[in-house]
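Enquirer: Below: sequence and its predicted model.
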Amino acid sequence: MTEVIDGNAVAAEIREDLSDAISTLKQAGTVPGLATVLMSDDPASETYVSMKQRDCEEVGINGIHVELDNDAPADELYETIADLNADDEVHGILVQSPLVEQVNEREAFRAVTPEKDVDCFHPENVGRMVAGPSHARFKPCTPHGILKLLEQYDVETEGAEAVVVGRSNIVGKPMANLLAQNDDTGNATVTVCHSRTENLEAHTKRADIVVAAVGVPEFIDGTMLKEGATVIDVGINRVDAETEKGYELVGDVEFASAREVADTITPVPGGVGPMTRAMLLWNTVKAASEQTGVDVALP
Ligand SMILES: Nc1nc(=O)c2c([nH]1)NC[C@@H]1CN(c3ccc(C(=O)N[C@@H](CCC(=O)O)C(=O)O)cc3)C=[N+]21
């Protein structure tokens, strides 16, 4: 029987465990704070940010939301980030991507002080992560959430053939790097595939673990997978449908055919998405702990 991973359940457990760490911080006089910054006309961004704020409320993190005018000059965003960097009540800062076109995204991510960079997008934190487990400050939320899912479902990464499809800074690149690291959740043999890969199927077909992060609806189907594989679907694509909202969510994997072949598979929604949000809370608690010197046990 194919096991369908329940990302909502694992994320709920992590939130539950984080509540204990948050209580410890509160007893020591610190309420962890997470600031989300939105400057975007992307329709999905508003949904994601409000979900992140709701998560904060549930676990007892102080959620601060700043929304900037889409026509505002880029400097307004930098000033906002500078204020949040200096604010002692803010331990984590997330600048929602994509940003409006007048802002250079890389510059915006670099403006966040590395100690508060809970996305792990700042080059200092990316560098530290790549340098290895004992050097890392944060792990980026989506790859970190995927490692937690693999752990929870006893998917062995050591010695496994892992194929990461997609090479974005937010998922593909850090995912491939973490899976290859000499660590309990790593030690896989990793191949990175992308838009210029020739014969993608030849790679995915021999993979024990496939991570699909390309942003193309149902890009990978069952015929491209090895029997018994673990399939992690990172895609969250809105496709037109006759639903109340006018769209439905579809992953980068064609779920129906893939589940026939896979041993373990994540659904969309309810797979990687909720884990990304849970690990954002995780990183915020870690950030608060490190900024205040109060030790906490992280799940
Ligand atoms: N600075 C920054 N950090 C991010 O981490 C970041 C970002 N920008 N920009 C956009 C992407 C996307 N992302 C998602 C996280 C959770 C869900 C999620 O919870 N999805 C639910 C359903 C969502 C729905 O119903 O629309 C699920 O898959 O079950 C989706 C998407 C974080 N991102």
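Expert: Looks like it came in fine. Numbers count the residues shown, from 1 in each chain.

Enquirer: Tell me how many other residues crowd the residue nearest to Ala136 when sequence neighbours are not counted.
Expert: Setting aside the residues directly before and after it, Ala136 is nearest to Met129 in space (C-beta to C-beta, 6 or more residues apart in numbering), at 4.6 Å. The way it works is simple: take the backbone N, C-alpha and C, and place the C-beta from them, glycine included. Met129: 22 surrounding residues under other C-beta atoms under 10 Å.

Enquirer: go on, Leu147?
Expert: Leu147: 22 surrounding residues under other C-beta under 10 Å.

Enquirer: which residues does Asn237 bridge with?
Expert: Asn237 has these beta-bridge partners by DSSP bridges: Val250.

Enquirer: From what I see, it and Ala213 are in contact.
Expert: No - with contact defined as C-beta atoms under 8 Å, Asn237 does not reach Ala213; the gap is 11.6 Å.

Enquirer: tell me the contacts of Thr2?
Expert: By C-beta atoms under 8 Å, 6 or more residues apart in numbering, Thr2 lies in contact with Arg259, Glu260, Ala262, Asp263, Thr264, Ile265.

Enquirer: so what's the last one bridging to?
Expert: Residues found in beta-bridge contact with Ile265 (criterion: DSSP bridges) are Val4, Val231.

Enquirer: show me where the stretch 51-200 of the chain has strands.
Expert: All strands of the stretch 51-200 of the chain, identified by DSSP state E, counting those that start in this stretch, fall at 62-67, 92-95, 161-165, 189-193.

Enquirer: Mind putting these into a markdown table with distance to the ligand and mean neighbour count?
Expert: What follows is those, written out as a markdown table (distance: least, C-beta to the nearest ligand atom, whole Å; neighbours: other C-beta atoms under 10 Å):
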| stretch | distance to the ligand | mean neighbour count |
| --- | --- | --- |
| strand 62-67 | 13 | 16 |
| strand 92-95 | 5 | 26 |
| strand 161-165 | 17 | 26 |
| strand 189-193 | 20 | 20 |
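
Enquirer: can you redo the ones you listed as JSON lines with mean pLDDT?
Expert: As requested, the strands of the stretch 51-200 of the chain are exported to JSON lines (pLDDT from 0 to 100):
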{"stretch": "strand 62-67", "mean pLDDT": "98"}
{"stretch": "strand 92-95", "mean pLDDT": "98"}
{"stretch": "strand 161-165", "mean pLDDT": "98"}
{"stretch": "strand 189-193", "mean pLDDT": "98"}
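
Enquirer: In CSV: these, plus distance to Glu13.
Expert: Listed next are those as CSV, based on distance: least, C-beta to C-beta, whole Å:
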stretch, distance to Glu13
strand 62-67, 21
strand 92-95, 21
strand 161-165, 24
strand 189-193, 27
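
Enquirer: Of those strands, which is nearest Pro140?
Expert: Pro140 sits nearest to strand 92-95 of all those, at 11.3 Å, using C-beta to C-beta.

Enquirer: Which single residue of the stretch 51-200 of the chain ends up nearest the ligand?
Expert: In the stretch 51-200 of the chain, the residue that lies nearest the ligand is Ser97 (3.7 Å; C-beta to the nearest ligand atom).

Enquirer: Give me the distance between that residue and Gly235.
Expert: Distance of Ser97 to Gly235, computed by C-beta to C-beta, to the nearest Å: 16 Å.

Enquirer: So which of these two has more stuff around it?
Expert: Using other C-beta under 10 Å as the criterion, Ser97 and Gly235 rank with Gly235 on top: 25 against 16.

Enquirer: what does the chain have sitting close to the ligand?
Expert: Within the chain, the residues that sit near the ligand (C-beta under 6 Å from any ligand atom) are 47-48, 51, 94-97, 119, 141, 236, 249, 268-270, 273-274, 276-277.

Enquirer: Among these, name the buried ones.
Expert: Listed as buried from the residues of the chain next to the ligand are 48, 94-97, 119, 141, 236, 249, 268, 270, 273-274, 276-277; burial here means 16 or more other C-beta atoms under 10 Å.

Enquirer: On the three-state scheme, the closest residue to the ligand within the chain is what?
Expert: Nearest residue of the chain to the ligand, counting by C-beta to the nearest ligand atom: Gly273, 2.2 Å away. Under DSSP: H, G, I helix; E, B strand; the rest coil, Gly273 falls in the helix class.

Enquirer: Thanks again, I'm all set now.
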